[in-house]
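1. sequence? don't have it. structure:
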């Protein structure tokens, strides 16, 4: 157990739907990162939050959004889902922006 | 952050040392070398990182050449559980981790 908790572990949904993935960082970690890993793309950085504020954005689609709440947990919202959004979604956390990352075990999203 | 080049795949016999190379010829003075691994669809796991000195921890050793243009991750006694994709990442601390293709290490009995 890495200390980073992601829920749910698996999610199956239909095209056009909206889902929310949740991440609880390790205790004391202020920074949260979201990554997407699909079969043909490898690990792609989506977005980073630090202490509630968005800090960096990667290849995140406009249909996707995220936020970090006062208790530091984060949610990634995916809407108007397409077949190509099927992937593993990982959350990572770090104490500060200079520190190493600890990853969660991921959420496997399948869009049918 | 500087680009890295790693072999696509490598094999290693169980119990032997696994030496995973990484080239980062355009590394700049304030960039660190990080190694992570990902065991089949699990979240990536931090292994080790260094700036210019060699580093060792309970998992592995990191050897960085004097000119810092390449490095080697050493798993001293590879086990079957070390079969994974190993990522070498060069990063200025504070920037996000950017993963490349990595090296798929297969440890064989």
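-> Okay, I see it. Quick caveat: nothing in here was measured; it's all calculated off a predicted structure.
2. contact residues of chain B facing chain A?
-> B:34, B:38, B:41-46, B:49, B:93-94, B:96-101 (C-beta under 8 Å from any C-beta of the partner chain). (Each C-beta comes from the backbone N, C-alpha and C, glycine too.)
3. select only the buried ones of those in PyMOL?
-> Selection of buried members from the residues of chain B next to chain A for PyMOL, criterion 16 or more other C-beta atoms under 10 Å in any protein chain shown:
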select buried, chain B and resi 34+38+42+43+44+45+46+49+96+97+98+99+100
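4. low-confidence ranges, the chain, go.
-> I went with chain A, as the question did not name one. The model of chain A has no residue with pLDDT under 70.
5. my bad, chain B
-> Using pLDDT under 70, chain B drops low at B:1.
6. now it against chain A: closest residue?
-> In chain B, no residue comes nearer to chain A than residue B:43, which is 3.2 Å away by C-beta to the nearest C-beta.
7. what's the closest non-adjacent residue to that residue?
-> residue A:103 (3.2 Å; C-beta to C-beta, 6 or more residues apart in numbering or on different chains).
8. that neighbour pairs with what?
-> With DSSP bridges as the criterion, residue A:103 is bridged to residue A:92.
9. contacting residues for residue B:96?
-> A:33, A:45, A:48, A:56, A:58 (C-beta atoms under 8 Å, 6 or more residues apart in numbering or on different chains).
10. go ahead and confirm the fourth one touches residue A:46.
-> By that I understand residue A:56. No. In this structure residue A:56 lies outside contact range of residue A:46 using C-beta atoms under 8 Å: 9.8 Å.
11. so which of these two has more stuff around it?
-> residue A:46 (21 against 16; other C-beta atoms under 10 Å in any protein chain shown).
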